[in-house]
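Asks: Provided below for reference: sequence and predicted model.
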Amino acid sequence: MEMNRNHYFMIGMILLLIGLQFRFVQSFQFTPETTRFIKEKIQKKRPASQSPLLSIFPDNANVGDKKTIHPPKWLGWSLISVGAVLILHSLAMKKPGG
């Protein structure tokens, strides 16, 4: 499937809105079930000595623990920038069917 201007515009809008979400929210708190699920998936992929992500989910975490993630500020700005570039690129492209 060939990507046309509508695809670029939609991908740009999604990235722009996700970037805005990261800029407006300071942290995300996972439920205990989500924390446990992510910890299990990370441990299955790599041994504990090789995975820097396991420092987020320590081995001594209780079942009821809720993990809070603080996304870096640059992540929101990066997504906003890439989304804006894709939107502008889509507007500069030829209209589909024409």
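Replies: That came through, no problem.
Asks: how about Thr34, what does it touch?
Replies: Lys67 (C-beta atoms under 8 Å, 6 or more residues apart in numbering). Quick note: C-beta positions are derived from backbone N, CA and C, even for glycine.
Asks: so which helix or strand takes in it?
Replies: In this assignment (DSSP states H and E), Thr34 forms part of helix 32-45.
Asks: helix or strand next in line after that helix, which one?
Replies: strand 68-69.
Asks: list the buried residues in the helix holding Thr34.
Replies: Residues 35-36, 38-39 are the ones in helix 32-45 that count as buried (16 or more other C-beta atoms under 10 Å).
Asks: widest-spaced pair of those?
Replies: Arg36 and Ile38 (7.6 Å; C-beta to C-beta).
Asks: can you list residues touching both of the two?
Replies: When C-beta under 8 Å, 6+ apart defines a contact, no residue borders Arg36 and Ile38 alike.
Asks: which non-adjacent residue is nearest the residue nearest in space to the middle of the chain?
Replies: The chain has Ile18 as the residue nearest its centroid, 7.7 Å off, counting by C-alpha atoms, centre = their mean. Excluding the flanking residues, the one nearest Ile18 by C-beta to C-beta, 6 or more residues apart in numbering is Leu79, at 5.3 Å.
Asks: need the per-residue pLDDT for the one you found.
Replies: We have a pLDDT of 97 for Leu79.
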